[in-house]
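Engineer: need a structure here:
(one chain, ligands or ions: 1)
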Amino acid sequence: MADDLAQGLDFKALYGHPATPAPPANDATSLGESEYSFISDKSSNDGLESADSPAIAEIYGLQELTLPSLPAPWSSITTDSTIPFRALPSHHHATWARTYHSRPEFLIEPKTVEEVQKIVSLARKCRRRVTTVGSGHSPSDLTMTSSWMVRLSHLSRVLRVEKYPSEQGPEAPRDVKRYAGRILFQAGISLEQLNIAANEHGLTLPNLGSIHIQSVAGAIATGTHGSSLNHGLLSQNVRGLRIVLADGSAVWCSPDDHSDLFRAALVSLGGIGIITEIEMELAASCNIEWVQLWEPLDSVIATWNNSLWKSDEYVRCWWMPYLKRAIVWKAHKTDKALAKPKASWYGGLLGFYIYHTCLTVAHYIPRLLPTIEWLIMGSQYGFKTGSKATAIEPQRTGLLMDCLYSQWVNEWAIPLRHGPEAITRLSAWINGDEASSGIPFSSKGLYVHSPVEVRVADGSTAHTKTRGFMDPSCESEPTLYLNATLYRPYGLDPPCRQRYYQAFEYLMKELGGRPHWAKNFATVSHQDLRGMYGENMNRYLEVRGNVDPDGMFVGAWHRRLVLGEGASSKSEDATTTNIGVAEGQGGVEDIPHGSTLSTLNAVAAPSASSLPLEERLVATQPRGRAGGVDWIGMQCAEGTSSLGGTAAEIQLVDDDRIVNGDQEASVLLARLKRDADVRRVTGESISKDADEMYKGPLHKTGPGALPVV
Ligand SMILES: Cc1cc2nc3c(=O)[nH]c(=O)nc-3n(C[C@H](O)[C@H](O)[C@H](O)COP(=O)(O)OP(=O)(O)OC[C@H]3O[C@@H](n4cnc5c(N)ncnc54)[C@H](O)[C@@H]3O)c2cc1C
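Structural biologist: Purely as a prediction, here's the structure:
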């Protein structure tokens, strides 16, 4: 029964040699150390010297590093009672902006790679899908699940930091010239923790986005980027990684080892397996000197093609659509001493709350938004253009920014050369000139929040050795990222969202764009994505299908968008979503889209009316049927709907069980649930022999024997 998944895997055919030595059934064979050695016996095939070739290792005197040897798949790992299964039931998972919520059956937090392997093996036996989560900062429903959620918060150690002798590191893209070192770490570490550890050795991550609290694995999985034509995605600096696949094997892959698996795992969307260790290249740590200029939009557009984006290593803009101005922020490395930015009355808590309050008022009177933009941005940057601010900060923190409040974010990658057209047309549309915008949606009476974030990256093949198959940046030219941010003041959804995003996405698609995987794109179908990625998506899906034929690592988001399977409650022709009341209570009610909040409240959990709506929805785990598919669990965007103005927007999560479990799987699952409950009550760590439990009589002690499900 349990071996059905493994039979679909032929690593030898796929990758030239088995992922792990083929063990006799139920034999706890360990991998040979050479399988996970950092110093591979392969020489680089691109003419560039690779730092993991023996020659380089000799030159640099690198210590050979071997990751701990791991039990092979189908070993007795699931029955090894020394390997704990650290599961908690009743976890409430939500995005940073609290826009999506779900309640996984278990939250599991392993402390070793063997535990990760055990989770995967047990999930397969129980017929459960597995969603890996980092810090849960992806703004979409990407990590929502009703099945098992794995979080690597305890797998967050730095394993090794290596500094290259000066000027001898491997070549880095463009102005960065050479990498200064490399770092091997466990995948659950945050960008911040990683950078702090690297800084202690005089090293730093070459680039960062706006924040650094994401896990590194999560950031690379979604194509996270900063803003610099000297850099591609953050994943560009990954030298190799180890990933636990659906058959329980833990495979090291890199541009030279299992290269297709590596390219699929680089921007994996969590859909390939669980990444446990990563090695990345680093730059020399330093300070950066930044300058911030308040400029007319016209001059930004006028300098677009010749000087703007190449004027410094890091350049980004925030465009204010009603003022037709932009903040242009530029930074470069410097040896100068730190110098704090000048404090302004607006920059602190006062400004934070004034803006938040203004946005709340604008929720009810949207036509105030242009005035608010003038008032708030004028207070901060000056009522005339030409103001300038500057500071010197460590690169580790200087590249970051304050993202303020809960928000919807819709960011697209388009060719940089289309930037002036994109901004001019969107500006015309937002400012009421629909005819010259060429966007076939009415902007009448529609007002948006500022600013639109304008950033760049260059992950093109001219500069990047190995791109992920699902890398959204442009393959053969520099990329512009446009991010249409909409704040949610005190959790209120802006009334413009649906129409603004339809118009914005129409324009992005017309200009050859691809959406940022983690963000809130709204009008993109699986077919659209296939058209956008072409052969690269085929290759991603091929690798994915080969290493995870049963779809253990695909959640509802993946099935809807990446696999093109199942029904979506977001589909335009769906007029109702049927949800049942709490499991076991029976009954199914039709909830029309745009229902009033009180209807939803009544259905969601009448008995728990003191809880906030989303808590109530996830607490009851409603079951339902939509589009002929069984659904379980629920996501809910709180606040009022942009459609009706009265309802919470709800979205059911389809059933994350792979298939209904058979009797054996059900018994095992019941026991795992029981033990997870025991752990919740007693706080004890579980270290059970799953197979023994599986064979033995049902446990009669603890918080109550569970029925066979
Ligand atoms: C305030 C804010 C600011 C942001 N700024 C930027 C920015 O400047 N630039 C930008 O590009 N993006 C930005 N983002 C988006 C963010 O970087 C991505 O959503 C990132 O994926 C979040 O990382 P995470 O650790 O929270 O991952 P999660 O959201 O938890 O997970 C993201 C994906 O990674 C997968 N994953 C996580 N860990 C593993 C693992 N160990 N193995 C396999 N798969 C795994 C998950 O399954 C999921 O598919 C921002 C988001 C927020 C909320």
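Engineer: Can you tell me which residues in this protein are near the ligand?
Structural biologist: 96, 131-139, 142-143, 152, 187, 209-211, 214-215, 217-219, 221-222, 224-225, 268-270, 274-275, 403, 516, 518 (Cβ under 6 Å from any ligand atom). For glycine as for every other residue, the C-beta is placed from the backbone atoms N, C-alpha and C.
Engineer: Which members of these are positioned in strands?
Structural biologist: When the residues of the chain next to the ligand are checked against strands (DSSP state E), the matches are 131-133, 274-275.
Engineer: any idea how far residue 531 is from the ligand?
Structural biologist: The span separating residue 531 from the ligand equals 22 Å under the rule Cβ to the nearest ligand atom, to the nearest Å.
Engineer: Residue 374 too?
Structural biologist: Applying Cβ to the nearest ligand atom, one obtains 26 Å for the distance of residue 374 from the ligand.
Engineer: ok, that residue touching residue 325?
Structural biologist: No: contact status for residue 374 versus residue 325: not in contact, 10.0 Å apart, counting by Cβ atoms under 8 Å.
Engineer: Give me the more crowded residue out of the two.
Structural biologist: Relative neighbour count places residue 325 above the other of residue 374 and residue 325, with 27 against 16, counting by other Cβ atoms under 10 Å.
Engineer: mind checking pLDDT for the more buried one?
Structural biologist: At residue 325 the predicted local distance difference test score is 97.
Engineer: Quick check: the residue of the stretch 1-150 of the chain nearest the ligand.
Structural biologist: residue 134 (2.2 Å; Cβ to the nearest ligand atom).
Engineer: From residue 187, how far out is that residue?
Structural biologist: From residue 134 over to residue 187 the distance is 8 Å, taken as Cβ to Cβ, to the nearest Å.
Engineer: cool, and residue 295?
Structural biologist: 40 Å.
Engineer: which of the two has more neighbours?
Structural biologist: Summary of the neighbour comparison: residue 295 and residue 187, criterion other Cβ under 10 Å, with residue 187 having more neighbours (25 against 19).
Engineer: Tell me which residues touch the more buried one, please.
Structural biologist: Contacts of residue 187 were listed using Cβ atoms under 8 Å, 6 or more residues apart in numbering, and they are 152, 155, 215-217, 241, 275-278.
Engineer: Now do it, the pLDDT please.
Structural biologist: At residue 187, the predicted lDDT confidence score is 97.
Engineer: So what does it look like in phi/psi?
Structural biologist: Torsion angles at residue 187 (phi, psi; degrees, to the nearest 10) stand at phi -70, psi -20.
Engineer: change the start of the numbering to 3 and stick with it
Structural biologist: In the new numbering, first residue 3, that becomes residue 189.
Engineer: measure it to residue 137 for me?
Structural biologist: Taking Cβ to Cβ as the criterion, residue 189 is separated from residue 137 by 12 Å.
Engineer: what touches both of the two?
Structural biologist: Residues touching both residue 189 and residue 137 (Cβ under 8 Å, 6+ apart): residue 217.
Engineer: Could you check how far residue 543 is from the ligand?
Structural biologist: Using Cβ to the nearest ligand atom, one gets 16 Å for the distance from residue 543 to the ligand.
Engineer: tally of neighbours for that residue?
Structural biologist: Residue 543: 19 surrounding residues under other Cβ under 10 Å.
Engineer: Which strand or helix spans it?
Structural biologist: Residue 543 belongs to helix 537-549 when assigned by DSSP states H and E.
Engineer: Let me know the average pLDDT across that helix.
Structural biologist: For helix 537-549, the mean pLDDT works out to 96.
Engineer: what's the answer for stretch 198-210, then?
Structural biologist: Stretch 198-210 shows a mean pLDDT of 96 in the predicted model.
Engineer: Endpoint to endpoint, that stretch covers what distance?
Structural biologist: Using Cα to Cα, to the nearest Å, the span of stretch 198-210 from its first residue to its last is 13 Å.
Engineer: Check whether residue 314 sits in a helix, strand or coil.
Structural biologist: Judged by DSSP: H, G, I helix; E, B strand; the rest coil, the three-state class of residue 314 is coil.
Engineer: Pull up the gap between it and the ligand, please.
Structural biologist: From residue 314 across to the ligand, the span is 18 Å (Cβ to the nearest ligand atom).
Engineer: Ignoring the adjacent residues along the chain, who's closest to that residue?
Structural biologist: Distance criterion Cβ to Cβ, 6 or more residues apart in numbering; nearest residue to residue 314, sequence neighbours excluded, is residue 332 at 3.9 Å.
Engineer: Nearest to the ligand: which residue in the stretch 303-452 of the chain?
Structural biologist: Counting by Cβ to the nearest ligand atom, the stretch 303-452 of the chain gets nearest the ligand through residue 405, at 3.8 Å.
Engineer: separation between the closest residue to residue 511 other than its chain neighbours and the ligand?
Structural biologist: With Cβ to Cβ, 6+ apart as the measure, residue 530 is the residue that lies nearest to residue 511, at 7.3 Å, once sequence neighbours are left out. When Cβ to the nearest ligand atom is the yardstick, residue 530 and the ligand sit 19 Å from each other.
Engineer: So what does residue 530 have for phi and psi?
Structural biologist: phi -60, psi -50.
Engineer: do residue 227 as well
Structural biologist: Phi and psi for residue 227, reported as degrees, to the nearest 10, are phi -140, psi 160.
Engineer: Following element in sequence after the helix or strand hosting residue 279, please.
Structural biologist: Secondary structure from DSSP H and E places residue 279 in strand 276-286. Moving toward the C-terminus from strand 276-286, the first helix or strand encountered (DSSP H and E) is strand 289-298.
Engineer: so what's residue 178 scoring on pLDDT?
Structural biologist: On pLDDT, residue 178 comes in at 57.
Engineer: can you pull out the helices in the stretch 53-202 of the chain?
Structural biologist: With DSSP state H, counting those that start in this stretch, the ranges of helices along the stretch 53-202 of the chain come out as 56-62, 115-128, 193-201.
Engineer: follow-up on the earlier one: hmm, residue 211 and the residue of the stretch 303-452 of the chain closest to the ligand touching each other?
Structural biologist: No: distance between residue 405 and residue 211: 10.0 Å, which falls outside the contact criterion (Cβ under 8 Å).
Engineer: shared neighbours of the two, which are they?
Structural biologist: Counting by Cβ under 8 Å, 6+ apart, no residue touches both residue 405 and residue 211.
Engineer: How is the residue nearest to residue 561 when sequence neighbours are not counted assigned, secondary-structure-wise?
Structural biologist: The spatially closest residue to residue 561, leaving aside those adjacent along the chain, is residue 567, at 4.4 Å (Cβ to Cβ, 6+ apart). Per three-state DSSP, the local secondary structure of residue 567 is coil.
Engineer: still on that earlier bit, can you list the helices and strands that the helix holding residue 543 packs against?
Structural biologist: Contact analysis of helix 537-549 by 3 or more Cβ pairs under 8 Å, 6 or more residues apart in numbering; DSSP states H and E lists helix 13-17, helix 261-268, helix 528-535 as its packing neighbours.
Engineer: Now that helix: buried residues?
Structural biologist: Neighbour counts over helix 537-549 (16 or more other Cβ atoms under 10 Å) mark 538-539, 541-543, 545-546, 548-549 as buried.
Engineer: Tell me what angle it forms with helix 261-268.
Structural biologist: With axes from the mean of the first three to the mean of the last three Cα atoms, to 10 degrees as the criterion, the two stretches helix 537-549 and helix 261-268 enclose an angle of 100 degrees.
Engineer: Give me the contacts around helix 537-549.
Structural biologist: Looking at what lies outside helix 537-549 - Cβ under 8 Å, 6+ apart - the contacts are 10-12, 16, 247-249, 262-263, 265-266, 273-275, 471-473, 531-532, 535, 556, 564-565.
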